Structures are given as C-alpha cells and as structure tokens.
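Engineer: Attaching a predicted model along with its sequence, questions to come.
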Amino acid sequence: MYNGIVNVYKEQGFTSHDVVAKLRGVFGQKKIGHTGTLDPMAEGVLIVCLGQATKLSDMILTSRKSYIATMKLGMVTTTDDTTGDIKESCDEAKLEELFSDIDILKKNILELLDSFLGKSMQIPPMYSAIKVNGKKLYEYARAGIEIEREPRPVEIFRLDLKEINAETHEISFAVECSKGTYIRSLIRDMGERIGTGAAMSMLIRDEVNGIKAEDGYKISDLQSMKEEGRLGDAVLPMDELLKNSPAVKIKESGLKLLSNGNRLRGENLKCTESGDDAISRLKSAEFFRVYVEDELKALYAYDSSSDDYKVYKMLNV
C-alpha cells in the first residue's frame, strides 16, 4: 500500500470524487482521499492522500491556497459562475462604456481589489456543499429552494490584477486566501461593487501549501507511470505538507511514551534544528513533527499548563 500524497492536476469536467475513484484503480488501494474540493469547472492542484497520509487531510484544509481566477462582467448567475442560469444581465452599452478606457478601468479595478484585502464575512454560494439542517446547499438549490446563508469569516491575503480583456469583458487576477473562501462568492461580490454583476468564468488553483499546479500529474500521466512501473515516483512523503513546522527526533527514553500516545518532556526530544531558539520555536508552534529515525510518527504540541508536550495527532506508531 502506498502512503503519502500525490499532487494531482485536476482537469475541467472531473469532480474531485471522480479523481479519487479513478486513482483507487490506478494505485490499487481503497484508502485514498482528496482534500480541498474543486468544482468541476475548476482545474489545478488537488492533493490526494494515500494510506496513512489520509490522517493529514484536515491539516491540509487549514492551509492558505492560491488561485488564478477570471470573472466575466455583465451577468449574475444561479451558481455564481458561467455554468449557471443567468438571473440578471447588464446592458451591453454599459459594459462597452466601462471597457472603453482601459487605463481608468485598470485604476478602478486595482482600487476594487485592494478593498477586498484582509478579513471579512462572506456569504457562500447556494451551489456549495455546506450543510444546513443536515442537507447540502446544492441539494436545496437543485430543488429550486433558496436558503438564507450565514456569512462566514474569510481572509484575503493577496489580490493581483493579471489581465483585462475588453473584447470578452473579462478580468483575471491572482488571489491568495484562507480556508473556506469561495472565489465564486468573491467574484459575485466584486461584480456587485462594480455595478455590472459578475460570474466566474475560469479558476485554476495554482498552489496549496507550497505544492504547485505546474508540478501536478494528470490522471493520464499517472496511468502511464503505472504501466511503466514508475508510479511510486509520483508519491511524495506525507511530511512534505508539514515541512514548515518544527521537527524533533525521539530519544530512547521517549520511545515507549510515544508508542502509547503519552505526553513527552523536553528530555525525550532531540531538536533537528540548532540554535538557542529551537526549543522556543517548538513551544510557540501550533504543532511539531516527531520522528523515530527518519520516519514521521506523530505530531505533538506544547502544553504550557504542564510544561510538557501532548499529542496533536498520531500518524504511524
């Protein structure tokens, strides 16, 4: 059985569930899960976890994500993207006037992007997997029922204008955002602010926690690698997603404690980093990695109330 992660480049038309189903056949194992669902029309990084790495799926979902997105001005749709039915449309003459002076439009769009930076409350789209009263929103939407959605906290860390296309009335931008941010909702809100309405016409997730779309494997690539006997080359160690967190090796005195999931003390650990601040970094981190030799076994976190370290997540003991 494979244990690790695969950087899959999800292509348009596939659901995230489709990808997992196909990869169960490619890798010949059932213990596979994806993280951070992508809409069928979206493409880019879909991190797939294999074997023991499935225990890390929730860790990935807390990460920042980067996207390249395109919004088409002049329409409001049922899905907040161009695959939905048009609810409202903007007068063509208004759009032509808006795009008639690109310099002024660029200035206004840059100001618009800047206004969306930082923390805010965002209303998720109706076509989403968020549950209300035990039922997913998209199930209500498909039945023609509009549900009042509670705004959710999101944070936009970066917004960079990439292109303005006067012919298609589209604007492309790069965005880095927090967990739970819907780019479709962001674009919907931008369109409302502009006064023309807008729907997402393209979305590429180009990075998750340092894993980039340009390095991803399409399903066809993985099938070819399997036929060539190179499938293992596509599997990254599961700690690839945690490389920014501190790491320690367990000493002999801590082996039994670790295997039982007990608390550890400083004398049980050997920091892999040198320097006086290595211990303080362990204590300030949300969690740190614990290795036996070169194998990642668990994640631990500092407990200031008892001045020791408690289990954050057991992985492979």
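Structural biologist: That came through, no problem. Numbers count the residues shown, from 1 in each chain.
Engineer: What helices and strands are in contact with the helix or strand containing residue 221?
Structural biologist: Using DSSP states H and E, the element containing residue 221 is helix 219-227. Applying 3 or more Cβ pairs under 8 Å, 6 or more residues apart in numbering; DSSP states H and E, one finds that helix 219-227 contacts strand 4-10, helix 16-27. C-beta coordinates here come from the backbone N, C-alpha and C atoms, glycine included.
Engineer: Which residue is the nearest non-sequential neighbour of residue 163?
Structural biologist: Excluding its sequence neighbours, the residue lying closest to residue 163 (Cβ to Cβ, 6 or more residues apart in numbering) is residue 172, at 4.4 Å.
Engineer: sec struct for the one you found, please.
Structural biologist: Put simply, residue 172 is strand when judged by DSSP: H, G, I helix; E, B strand; the rest coil.
Engineer: What is the neighbour count of the nearest residue to residue 42 once chain neighbours are set aside?
Structural biologist: In space, residue 42 comes closest to residue 203 once its chain neighbours are excluded; the distance is 4.1 Å by Cβ to Cβ, 6+ apart. Residue 203 has 23 neighbouring residues, counting by other Cβ atoms under 10 Å.
Engineer: so where do the helices sit in the stretch 201-317 of the chain?
Structural biologist: Using DSSP state H, counting those that start in this stretch, the helices of the stretch 201-317 of the chain run over residues 219-227, 255-259, 278-284.
Engineer: Same check on the stretch 51-200 of the chain?
Structural biologist: Assigned by DSSP H, counting those that start in this stretch, the helices in the stretch 51-200 of the chain fall at 57-61, 92-98, 102-115, 137-142, 183-194.
Engineer: Tell me which of the ones you listed is the most buried.
Structural biologist: helix 183-194 (a mean of 21; mean count of other Cβ atoms under 10 Å).
Engineer: Could you list every helix and strand in contact with it?
Structural biologist: With contacts defined as 3+ Cβ pairs under 8 Å, 6+ apart, helix 183-194 has these neighbours: strand 65-73, helix 102-115, strand 118-122, strand 170-177, strand 198-208.
Engineer: And those: which comes nearest residue 296?
Structural biologist: Residue 296 sits nearest to strand 198-208 of all these, at 19.2 Å, using Cβ to Cβ.
Engineer: can you tell me how far residue 226 sits from residue 53?
Structural biologist: 19 Å (Cβ to Cβ, to the nearest Å).
Engineer: List the backbone torsions phi and psi for the nearest residue to residue 14 once chain neighbours are set aside.
Structural biologist: The shortest distance from residue 14 to any non-neighbouring residue, by Cβ to Cβ, 6+ apart, is to residue 40 (6.7 Å). When quoted as degrees, to the nearest 10, the phi and psi of residue 40 stand at phi -60, psi -40.
Engineer: so who does residue 40 touch?
Structural biologist: 12, 13, 14, 15, 83 (Cβ atoms under 8 Å, 6 or more residues apart in numbering).
Engineer: distance of it from residue 13?
Structural biologist: 6 Å.
Engineer: now swap in residue 128 and tell me
Structural biologist: Counting by Cβ to Cβ, the gap from residue 128 to residue 13 is 19 Å.
Engineer: Same drill for the two, tell me which one is more crowded.
Structural biologist: Using other Cβ under 10 Å as the criterion, residue 128 and residue 13 rank with residue 128 on top: 19 against 9.
Engineer: hang on, that one packs against residue 138?
Structural biologist: Yes. Contact criterion Cβ atoms under 8 Å: residue 128 and residue 138 qualify, at 6.2 Å.
Engineer: and the gap between the nearest residue to residue 240 once chain neighbours are set aside and residue 289?
Structural biologist: Leaving aside its sequence neighbours, residue 240 sits nearest to residue 5 (Cβ to Cβ, 6+ apart; 6.3 Å). According to Cβ to Cβ, residue 5 and residue 289 sit 15 Å apart.
Engineer: Of these two, which one has the most company?
Structural biologist: Remark: of residue 5 and residue 289, residue 5 carries more neighbours, 26 against 21, as counted by other Cβ under 10 Å.
Engineer: just checking, the more buried one touches residue 235?
Structural biologist: Yes. Here residue 5 reaches residue 235: they are 7.2 Å apart, a contact under Cβ under 8 Å.
Engineer: overlap in contacts of the two?
Structural biologist: Residues touching both residue 5 and residue 235 by Cβ under 8 Å, 6+ apart: residue 50.
Engineer: List the contacts of residue 27.
Structural biologist: 2, 50, 226, 231.
Engineer: give me the number of residues near residue 246?
Structural biologist: Here the number of neighbours of residue 246 (other Cβ under 10 Å) works out to 19.
Engineer: Please shift the residue numbers so they start at 704 in all later answers.
Structural biologist: That works, and once the first residue is 704, the last one we named lands at residue 949.
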